[in-house]
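> Quick one, what's the 3D model for this:
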Amino acid sequence: MLERLNQALDHLEARLDGEVDIAEVARIAAVSEYHFRRLFSALAGMPLPVYVRRRRMTLAGADVLAGEPTLLDIAVRYGYGSGEAFARAFRSVHGVGPGEARRTGAVLTAQPRMSFRVVVEGSTTMRYRIVEKEAFRVVGRKARVPLVPEGINAAATAHLKSLDERAIVRMKELDQQEPAGILSAAVYLTDSRDEGAEADYWIGVVTGPGTAADELDALDVPAGTWAVFDNHGPYPSALQELWRDVFTQWFPSSLYVSRPGPELLRTQPVRIGTETDSQLWIPVERGTATAGP
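Have a look, this model is predicted:
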């Protein structure tokens, strides 16, 4: 898969001075656009649109400092319909406008061209199984929270603590399906997994479709395939490392790709650093291709 990803990045690189068709880039990588965006974000540490903008502005910066052509010509070359839009994008990357950069010969910021390769740093054993699951409903309470890649997510913790006893009792009454018990479900609002991006965060139980939620919130989930990972380690670092390893190690070496849907996590929150057992459910589907052309 890494070879496919690098071929896709080569295709993207060749089209930075025009319109970039992300669906076509994903097709070259032999995965869905959704999975390509998520996989890129996990591997690169930044969302795909941010990388594209930084690469374009790196090339545009060289053109600006070269003195030719005009700034408007450069803006059009890199897909901007107006000088103002180009100037905003340029300043967001370089911290200075293109006109000032040309006049003063300012120091600019470069985003190196990216490629992926396998680096073996140790041996990580990942226990998983594939589950075909019929449609179900998550019933519980929802809150919008920012993503926190390391350490405790204060907003998620506050949401958990805000649950009243009546809501908890009702959830336990509705607990009908695997994964059993009160769990969390994350529905990501964008392809970004950067700190500060947002997700809808649920605390609830898995129950049958159409189950009455009463005063609780309900999330309907269609039938599909799930990769289920069992984990044991210190809370919450082991869980955050597991999520990273799933996207940077398991997906690139597996026959599966991610698909839209909530990520389910069943765990018993404990004191920070204390070891606990957890189970992570990731929605997946079989990839369309796994070999090179």
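
> give me the element the residue of the chain most remote from its centre is part of.
Residue distances from the centre of the chain (Cα atoms, centre = their mean) peak at Arg103, which lies 39.3 Å from the mean C-alpha position. Here Arg103 sits within helix 98-104, counting by DSSP states H and E.

> cool, Thr58 as well?
Using DSSP H and E, Thr58 sits in helix 48-66.

> buried set for that helix?
Judged by neighbour count using 16 or more other Cβ atoms under 10 Å, the buried positions of helix 48-66 are 48, 50-61, 63-64. Just so you know, the C-beta spots here come from the backbone N, C-alpha and C atoms, and that holds for glycine as well.

> how about the strands of the stretch 51-200 of the chain, start to end?
Defined through DSSP state E, counting those that start in this stretch, the strands belonging to the stretch 51-200 of the chain, from first to last, are 127-133, 136-146, 183-188, 198-207.

> got the angle between the first one and strand 198-207?
Going back to what we said before, that points to strand 127-133. Using axes from the mean of the first three to the mean of the last three Cα atoms, to 10 degrees, one finds that strand 127-133 and strand 198-207 are set 70 degrees apart in direction.

> What mean pLDDT does strand 127-133 get?
If you average the pLDDT over strand 127-133, you get 89.

> Tell me the strands beside it, with direction?
Sheet neighbours of strand 127-133, with direction, are listed as strand 224-234 (antiparallel) (DSSP bridges).

> who does the helix or strand following the strand it pairs with touch, helix- and strand-wise?
In the C-terminal direction, the helix or strand that comes right after strand 224-234 (DSSP H and E) is helix 237-245. Based on contacts counted as 3 or more Cβ pairs under 8 Å, 6 or more residues apart in numbering; DSSP states H and E, the elements that helix 237-245 packs against are strand 224-234, strand 275-286.

> switch to 10 Å and redo it
Here helix 237-245 touches helix 33-44, strand 224-234, strand 263-267, strand 275-286, going by 3 or more Cβ pairs under 10 Å, 6 or more residues apart in numbering; DSSP states H and E.

> and it, how far out from the chain's middle?
Centroid separation for helix 237-245 versus its chain: 14 Å, with Cα atoms, centre = their mean, to the nearest Å.

> before we move on, the earlier item: please identify the deepest-packed of the strands of the stretch 51-200 of the chain.
With neighbours defined by mean count of other Cβ atoms under 10 Å, none of those is more surrounded on average than strand 198-207, at a mean of 22.
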